[in-house]
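Enquirer: fold the following.
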Amino acid sequence: MLVSAGPPLLLLLLLCVLVTLSHCSELKVRVRLADGHITEEVLEADNEQDSVTLEFKQADGTLITFVADFKQDVKIFRALILGELERGQSQYQALCFITRLNHNEIIPSESMARLRQKNPHTIRAAEEKRATEGLSMNVAVNLTRAWQLSAHLLNTCSVAREAVYTREADMRHWLDSGAESSMFEILPQGVEVPDLQSCRSVKDLWQPCCCSYSLRLEWYPCLLKYCRNRDSSGRSTPYKCGIKSCSKGYNFTYYTPHKHLCLWEEET
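Expert: Residues are numbered from 1 along each chain as shown. Model (predicted):
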């Protein structure tokens with residue numbers, strides 16, 4: 001069972017945070033992925049930065065990192081995919097996808113930092129499986145200026161080099177909020193490249209195509225649960241007494257200059 005530390009533990013929690021913040025803000029959870037593979041998710045909450053990071057490794061060795069930046073309302077997905085050396089790829093291929101963070105997608109960093117579990121060896125399953133979200137990532141992001149969007153972008157996405165993407169709708173929002181237009185480049189669309197096909201149907205490894213990449217956050221705390229107490233006067237008062245866990249999939253589509261950077265499409 002996962003619970004939120006209640007008022008009696010507040011003093012102990014504060015002392016723990018002062019002594020070792022990183023220890024108190026880390027939670028490790030064993031999770032069964034959709035393919036049956038069991039992995040360990042590491043969730044970290046940073047109260048000072050007001051952010052939450054979730055990281056785990058898939059059965060194929062891919063390292064997935066998710067960052068929720070509550071200060072800037074930005075979420076970041078990074079995939080480090082093992083390369084196929086025999087086909088001329090580097091040791092790994094990195095992808096980064098950036099979108100706006102909506103309210104109630106994940107619990108706040110302060111609440112995440114207080115989570116503890118009684119049975120760390122239990123294999124967790126999400127209470128709610130949310131629908132897979134399809135996102136058209138048709139804008140490239142220049143990382144040298146991306147600090148305007150989030151202080152986490154450079155550290156998280158620097159390994160992705162030129163494979164950092166966002167949506168046009170998000171770009172418009174950030175431009176209206178004062179971001180520099182030089183940070184973004186709208187990628188070629190079907191009208192500009194009439195023969196643009198999905199990478200799955202393209203044979204030539206050096207032909208441009210539309211790539212798809214899917215990932216799933218199999219378990220994360222998405223909502224706080226509230227219980228009620230009655231005080232001495234009989235009045236009912238709510239207090240935080242736990243969390244609700246969710247699972248959610250994402251399917252990202254984006255332009256790539258050649259299929260060689262989208263080899264996983266051959267396997268689907």
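Enquirer: who are the contact partners of Glu266?
Expert: Arg200 (C-beta atoms under 8 Å, 6 or more residues apart in numbering). Yep, even glycine has a C-beta here, placed from its N, CA and C like the rest.
Enquirer: report pLDDT for it.
Expert: Note on Glu266: pLDDT of 78.
Enquirer: hang on, Cys157 in a strand?
Expert: No - counting by DSSP: H, G, I helix; E, B strand; the rest coil, Cys157 is not found in a strand; it is helix.
Enquirer: I figured it hits Ala146, correct?
Expert: Yes - counting by C-beta atoms under 8 Å, Cys157 touches Ala146, with 7.4 Å between them.
Enquirer: quick one: low-confidence parts of the stretch 1-150 of the chain?
Expert: Judged by pLDDT under 70, the stretch 1-150 of the chain has its weakly predicted residues at 1-24, 85-89.
Enquirer: do that again at 50, thanks
Expert: Scanning the stretch 1-150 of the chain for pLDDT under 50 picks out 5-24.
Enquirer: what segments of it are helices?
Expert: With DSSP state H, counting those that start in this stretch as the criterion, the stretch 1-150 of the chain has helices at 10-19, 21-24, 109-113.
Enquirer: and the strands in the stretch 1-150 of the chain?
Expert: 2-4, 26-32, 38-46, 51-57, 63-69, 74-82, 92-100, 115-117, 123-124, 128-136, 139-141 (DSSP state E, counting those that start in this stretch).
Enquirer: same check on the stretch 151-268 of the chain?
Expert: Counting by DSSP E, counting those that start in this stretch, the strands of the stretch 151-268 of the chain are 164-166, 184-186, 209-230, 236-256.
Enquirer: dump those to a markdown table, plus distance to Asp50, mean pLDDT and mean neighbour count.
Expert: What follows is those, written out as a markdown table (distance: least, C-beta to C-beta, whole Å; pLDDT from 0 to 100; neighbours: other C-beta atoms under 10 Å):
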| stretch | distance to Asp50 | mean pLDDT | mean neighbour count |
| --- | --- | --- | --- |
| strand 164-166 | 21 | 97 | 26 |
| strand 184-186 | 25 | 94 | 15 |
| strand 209-230 | 16 | 91 | 18 |
| strand 236-256 | 18 | 89 | 16 |
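Enquirer: distance to Ala94 for these - can I get that in a markdown table?
Expert: Converted to a markdown table, the strands of the stretch 151-268 of the chain look like this (distance: least, C-beta to C-beta, whole Å):
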| stretch | distance to Ala94 |
| --- | --- |
| strand 164-166 | 9 |
| strand 184-186 | 18 |
| strand 209-230 | 11 |
| strand 236-256 | 13 |
